[in-house]
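Enquirer: My questions concern the predicted model and sequence given below.
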Amino acid sequence: MNNILNFINLHNGEEKKSKVLENVNANISFRGSNLWILACAIIIASIGLNVNSTAVIIGAMLISPLMGPIVGAGFALGTYNFPLLKKSIKNLLIATGVSLLVSALYFFISPFKDVQSELLSRTSPTIYDVLIAFFGGLVGVIAITRVEKGNPIPGVAIATALMPPLCTAGFGIATSNLSFFLGAFYLYSINCFFICIATFLVVKYLKYPSAILDSNYEKRIRYSISILIIIMIVPSFYLAYNLFNEKKFAKTTDLFLEKEFESKGYTLIYKKVDYNANPKVIDVAFLNKKFAPAEIKTYNKMLAEYGLSHTKLNIRQNNSDLKSEILNEINKKTNNLTEKDIAISNLRAELDSYKISDSTLSKEIQILFPEISKMSYGKILQYPNTDSAKLRFVIIYSGKNIKDAQLQNWLKQRLNENDVEVLQVSEK
């Protein structure tokens, strides 16, 4: 038993407590280079959210120095060091304010204000985010207290994801979207708080020296922390429960449609589910099948048997309205692609105007004009004393003297080009 306890003992490989506290204290301040690094990381994360690039967001999280004051607050609570706690909270507020200001300015200036999936995922925190923040914080503080730091710190920065919710909150400010701001800032607060709590627990377990000796004061602090944990965690439980019910509703809806319609050979061409409506709405349309009002009423009654209570089934049968709606959805998705296709097509056409696609031309020149030892040819822009530029075919060769006019006339006939220039250069 002692061997097992020794095997999992966190005191093994522990750094000197004084040195750990010194390192933690050094990483709290947000001024000078730390502030510039934070601002740059915020802009990178905002761009990543703007263009929906996970890789860019991960890069920003690795750069971010936000963990410093949060871990500092956890150490301060664990050792009841209130000057350190005051310093940590002050610097965390400065970092948060700067981050919100920079991200809000970026999104305000940015012409792209579409709500991407990476933004949406930061607006509805759940109990899973609590667990990620807590266990990520545990890994982070354990790594900080080791002699050999290892490589968990970058992973903790990615897992706890402090930057993206801050940037999303900035997006909410820039677009005057209060629900985005509140949801994202709540997620950021959850991450900060539970990283801090994880740090507090590890500090207490490793028995870092306390700055006060009053046991009653310590009890009051523990009670205050417990109350704060409950306040922070209850809303996340509600959001997780709501998310679970939404996923369950979607799964049950798919089962209902599959059993009652698709298994009978009815081809489903349109489906839209509105979970937040009251009552909830399932909008569907089928390729050929038409339903009588009595049939639709029967299917609505069957919803309760599948556990889809307070739900209305709406079967769309007006083909013209349905067609226009489907086409609108398709147009929204293809509009951007069409613009890109036009740009690519224009670039290809421009490149083709410079391109000599005749692969046999060089061989024919070598046969008819063996005096030429080396040559280069292509189309270039010529700018005469006119407003418009035109393309001219130019051939540059080296070798024995030949009649340039003969080669020029032959190229005009061969290429069907009126503007051909022949230049001879000396061999080196």
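Expert: That came through, no problem.

Enquirer: can we go C-alpha only for contacts and neighbour counts from here?
Expert: Will do.

Enquirer: Confidence-wise, which helix or strand of this protein is lowest on average?
Expert: Ranking every helix and strand in the chain by mean pLDDT, DSSP states H and E puts helix 2-7 at the bottom, with a mean of 60.

Enquirer: pull the CA atoms of the helix or strand just after that one into PDB?
Expert: Under the assignment DSSP states H and E, the closest C-terminal helix or strand after helix 2-7 is helix 17-26. Output of helix 17-26 as PDB, limited to C-alpha atoms (Å, rounded to 0.1, in the frame of the first residue of the first chain):
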ATOM      1  CA  LYS A  17       8.200  26.000  -2.700                       C
ATOM      2  CA  SER A  18      10.100  29.400  -2.500                       C
ATOM      3  CA  LYS A  19      11.200  29.100  -6.100                       C
ATOM      4  CA  VAL A  20       7.700  28.200  -7.300                       C
ATOM      5  CA  LEU A  21       6.200  31.200  -5.500                       C
ATOM      6  CA  GLU A  22       9.000  33.400  -7.000                       C
ATOM      7  CA  ASN A  23       8.200  32.200 -10.500                       C
ATOM      8  CA  VAL A  24       4.400  32.600 -10.100                       C
ATOM      9  CA  ASN A  25       4.900  36.100  -8.700                       C
ATOM     10  CA  ALA A  26       7.100  37.000 -11.700                       C
END
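
Enquirer: Would you mark the buried spots in the helix or strand that comes right after helix 17-26?
Expert: As assigned by DSSP H and E, the chain's next helix or strand after helix 17-26 is helix 33-50. Applying a neighbour-count criterion of 16 or more other CA atoms under 10 Å, one finds 34-35, 37-50 buried in helix 33-50.

Enquirer: how about the helix or strand following helix 33-50 as PDB, C-alpha atoms only?
Expert: Next helix or strand after helix 33-50 toward the C-terminus (DSSP H and E): helix 54-63. Only the C-alpha atoms of helix 54-63 are listed here, as PDB (Å, rounded to 0.1, in the frame of the first residue of the first chain):
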ATOM      1  CA  THR A  54      -9.000  26.400 -35.700                       C
ATOM      2  CA  ALA A  55      -5.300  26.300 -36.300                       C
ATOM      3  CA  VAL A  56      -4.900  30.100 -36.000                       C
ATOM      4  CA  ILE A  57      -7.000  30.100 -32.700                       C
ATOM      5  CA  ILE A  58      -4.800  27.300 -31.300                       C
ATOM      6  CA  GLY A  59      -1.700  29.400 -32.200                       C
ATOM      7  CA  ALA A  60      -3.100  32.400 -30.300                       C
ATOM      8  CA  MET A  61      -3.800  30.300 -27.300                       C
ATOM      9  CA  LEU A  62      -0.200  29.100 -27.200                       C
ATOM     10  CA  ILE A  63       1.000  32.700 -27.300                       C
END
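
Enquirer: residues contacting residue 37?
Expert: 63, 64, 65 (CA atoms under 8 Å, 6 or more residues apart in numbering).

Enquirer: Compare those and tell me which is most surrounded.
Expert: Each of these was scored for neighbours by other CA atoms under 10 Å, and residue 64 scores highest at 24 neighbours.

Enquirer: thinking again about what came up before, just the contacts of residue 37: which has the poorest pLDDT?
Expert: Within the set of those, pLDDT is lowest for residue 64 (74).

Enquirer: give the contact list for that one.
Expert: Here residue 64 is in contact with 37, 38, 41, 42, 157, 163 (CA under 8 Å, 6+ apart).

Enquirer: Return the member of the buried residues of helix 33-50 nearest to residue 81.
Expert: residue 34 (23.6 Å; CA to CA).

Enquirer: Can you tell me the SS state at the closest residue to that closest one other than its chain neighbours?
Expert: In space, and not counting its chain neighbours, residue 34 is closest to residue 65: 6.9 Å by CA to CA, 6 or more residues apart in numbering. The three-state label given to residue 65 by DSSP: H, G, I helix; E, B strand; the rest coil is coil.
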